[in-house]
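1. Need coordinates for the following:
(2 chains)
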Protein chains: 2
Amino acid sequence: MIKEQEEKRADSSETRDGTVKLRNPHIELFDQDILYHIALGSKSHDLVEMFGDVKFVCMGGTPKRMETSAHYIMEEIGYKIPTGTTLMDISQHSYRYSIYKVGPVISVSHGIGSSSIGVLLHEMIKLMYHAKAEDPIFFRIGTCGGLGLEPGTVVISDDAMNGLGNHYYSLPILGKVLKRPVKLDKKLVRELKALVAQDDPYDTTTGTTMCAEDFYEGQGRIDGAFCDYTEVEKQEYLKSLVTQGVKNIEMESVPFSALTHQAGIKAAIVCVTILNRLKGDQIAVPKEVITQYQQRLQILATRYIKKYLQTKDSSCLLKGSFAVESP
Amino acid sequence: MIKEQEEKRADSSETRDGTVKLRNPHIELFDQDILYHIALGSKSHDLVEMFGDVKFVCMGGTPKRMETSAHYIMEEIGYKIPTGTTLMDISQHSYRYSIYKVGPVISVSHGIGSSSIGVLLHEMIKLMYHAKAEDPIFFRIGTCGGLGLEPGTVVISDDAMNGLGNHYYSLPILGKVLKRPVKLDKKLVRELKALVAQDDPYDTTTGTTMCAEDFYEGQGRIDGAFCDYTEVEKQEYLKSLVTQGVKNIEMESVPFSALTHQAGIKAAIVCVTILNRLKGDQIAVPKEVITQYQQRLQILATRYIKKYLQTKDSSCLLKGSFAVESP
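-> Residues are numbered from 1 along each chain as shown, chains lettered A, B, ... in the order given. Below you'll find the predicted structure:
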């Protein structure tokens, strides 16, 4: 039942104009394309007009956090909206995901787990295609469990693996498993790392992120509704992850890094640890502290966005790249 | 890497008092149990007082639908709340799932996909355990794609399988795959079927539900961001599903039916088809029509709930069962 397939990243040859190419020959034959879960469509909306200027798509778990993030980015990049207006959830009628847009930056919620972010990725990639957005960069900013890290540590993923230690995204398609390689942009990781400030009152590190299919047993927690292993077995497992270079555990990194790579979209994952899993499972840290931790992600992502937008060299802009120095 | 394990359903021997038993020896040793994603805890809240009376947990995809559902149930079962009060989302501070409670009925959103409903199932099962709720019945009510059925058809699942045709829920735990059998209560299926009214202006059927890990390629759609197969290959695949008895495709049935079975909780899945997948992939049906379709699920679930609550025979009530006749 296993069909191995290493697919090539979308061609970045000289004919490439920066817009997102779809690896699906059917879409351009459609009269319209309904992006059902984000309540947008290629016929019902002028997607080029609405989203043609997008340079960044920031994804995170909850609608609330992504709304807060949008407001923070607006403040930071000095984006003005007319008096008497406010940011609104563009996809509010979908009741599935929430999308906020602040000039060239989209802030969107992805829910919990691979399937939830997978559906959103399909629709955001198609949205970028229909909008003819040039070289959009995708960020996932999220919370995670850390391994041997002080809570509040920021982890920039330089690799991702699933719960079996495999560095690919497996998906049953037409009854056979397709495996897509996980790949994150090394240069983007370095650029983000270079934006860490000397005086940031917390650590920022890089490493492999494990993507679990479940929050409890899938992450070796002993506090789920079911648990057939001991604390000792759990500790052995978590330590084996550490020896594999795993710094943190969350639930979306594998589809995120596989599907953006597959689409030829530059992407990064930046998470903040809300507990040290070597010391426990329950999340007892107060909401305010978690909110404070999450701000660290917004800060790093926004440093990158500001730097990018301030870069005047249009050739660099088109390549979605710039020289980095510490802030 | 595969560890096959057929686990037994929680013991229903004569010592059973109807409360939910956890198959996790660790929980009772905890000083407190924080149900992080629903913003409740065994120490911060009096869960027995709050949820001890729960008889039904109805799960569905979106917060909006589950809020509407709660109001419908309130009206139908004649549940009164004090003047000047309104239903509120009990888990609003989690920003993850939304929980509404109408007397003995919980209405809760589960998001999209296996991981999302999986996290919620762990916490709802633990909630029922802490609350000492007796014999709660879990329903999943959702939308789906139908196979050869008129859009708007209600499907009561009598079995579930994953995208590889397997009737178990696979989850990597401590680096090994654990397989849990999918099982739905046949009697509950019959009882629900018996509540279909002769004059319901739509069909209600039973059959196997396929649980996909993705909305696009995972369900054989040709309208995702990626597609490496043809319309002909897709049709062959969908027809092979029909020959296997599959009536509909959604994204949560496998973990839902495996984990409720594992916990010894009686459960049913009732979905409404919003399109016939043999005829297309895009969901072009207007929102109002989908809302109308979704009401069919609320109607069926509520018929069951009303019948259950009206049953005066307390021994039947405790067993969570009653004689069925058409409404």
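2. what sits against residue A:231?
-> A:222, B:26 (Cβ atoms under 8 Å, 6 or more residues apart in numbering or on different chains). Every residue, glycine included, has its C-beta placed from N, CA and C.
3. Now do the strands in chain A.
-> Under the criterion DSSP state E, chain A contains strands at A:2-3, A:34-35, A:40-41, A:56-60, A:99-102, A:105-109, A:137-146, A:154-162, A:168-173, A:176-181, A:204-211, A:246-250, A:267-276.
4. and chain B, which of those is closest to it?
-> Of all the strands of chain A, strand A:168-173 sits nearest to chain B, with 3.1 Å by Cβ to the nearest Cβ.
5. Just the CA trace of the closest one, in CSV.
-> Extracted in CSV, the C-alpha atoms of strand A:168-173 (Å, rounded to 0.1, in the frame of the first residue of the first chain):
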residue,chain,number,x,y,z
TYR,A,168,8.2,13.1,5.6
TYR,A,169,4.5,13.7,5.5
SER,A,170,2.5,10.6,4.9
LEU,A,171,-1.0,10.9,3.5
PRO,A,172,-3.3,8.2,2.2
ILE,A,173,-4.4,9.3,-1.3
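6. Just want the angle from it to strand A:176-181.
-> 150 degrees (axes from the mean of the first three to the mean of the last three Cα atoms, to 10 degrees).
7. Adjacent strands (with direction) for strand A:168-173?
-> strand A:176-181 (antiparallel) (DSSP bridges).
8. So which residues of chain A form helices?
-> A:47-51, A:63-77, A:114-131, A:186-194, A:231-243, A:253-262, A:287-310, A:314-319 (DSSP state H).
9. Serialize those helices to CSV and add fields for mean pLDDT.
-> Below are these laid out as CSV (pLDDT from 0 to 100):
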stretch, mean pLDDT
helix A:47-51, 98
helix A:63-77, 96
helix A:114-131, 98
helix A:186-194, 98
helix A:231-243, 98
helix A:253-262, 98
helix A:287-310, 96
helix A:314-319, 44
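10. Which among those helices is found nearest to residue B:163?
-> Nearest of the helices of chain A to residue B:163, taken as Cβ to Cβ: helix A:114-131 at 11.0 Å.
11. Redo the helices of chain A as JSON lines? Include distance to residue A:275.
-> Formatted as JSON lines, those follow (distance: least, Cβ to Cβ, whole Å):
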{"stretch": "helix A:47-51", "distance to residue A:275": "37"}
{"stretch": "helix A:63-77", "distance to residue A:275": "18"}
{"stretch": "helix A:114-131", "distance to residue A:275": "22"}
{"stretch": "helix A:186-194", "distance to residue A:275": "23"}
{"stretch": "helix A:231-243", "distance to residue A:275": "12"}
{"stretch": "helix A:253-262", "distance to residue A:275": "18"}
{"stretch": "helix A:287-310", "distance to residue A:275": "10"}
{"stretch": "helix A:314-319", "distance to residue A:275": "38"}
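12. With respect to residue A:17, which of those lies nearest?
-> Here helix A:314-319 is closest among the helices of chain A (Cβ to Cβ), at 9.0 Å.
13. Run through the bridge partners of the closest residue to residue A:90 other than its chain neighbours.
-> The shortest distance from residue A:90 to any non-neighbouring residue, by Cβ to Cβ, 6 or more residues apart in numbering or on different chains, is to residue A:99 (4.3 Å). Applying DSSP bridges to residue A:99 yields these beta-bridge partners: residue A:108.
14. Residue A:99 is in contact with residue A:35, isn't it?
-> No: using Cβ atoms under 8 Å, residue A:99 makes no contact with residue A:35, being 10.3 Å away.
15. picking up where we left off before, weakest of the strands of chain A in terms of mean pLDDT?
-> Here the lowest mean pLDDT among the strands of chain A goes to strand A:2-3, at a mean of 45.
16. quick one: contacts for the most centrally placed residue in chain A?
-> Among the residues of chain A, the one closest to the centroid is residue A:140, at 1.9 Å (Cα atoms, centre = their mean). Counting by Cβ under 8 Å, 6+ apart, residue A:140 makes contact with A:58-60, A:110, A:117, A:252-253, A:256, A:267-271.
17. likewise residue A:258?
-> A:168-169, A:180-183.
18. ditto for residue A:170
-> Residues near residue A:170 by Cβ under 8 Å, 6+ apart: A:162, A:177-179.
19. Report the two of these separated the most.
-> For the contacts of residue A:170, and using Cβ to Cβ, no pair is farther apart than A:162 and A:178, which are 13.9 Å apart.
20. Next one, pLDDT for residue A:17 please.
-> Model confidence at residue A:17, given as pLDDT, is 83.
21. how deep is it tucked in, by neighbour count?
-> 9 (other Cβ atoms under 10 Å in any protein chain shown).
22. from what I can see it touches residue A:133, true?
-> No: taking contacts as Cβ under 8 Å, residue A:17 lies outside contact range of residue A:133: 11.3 Å.
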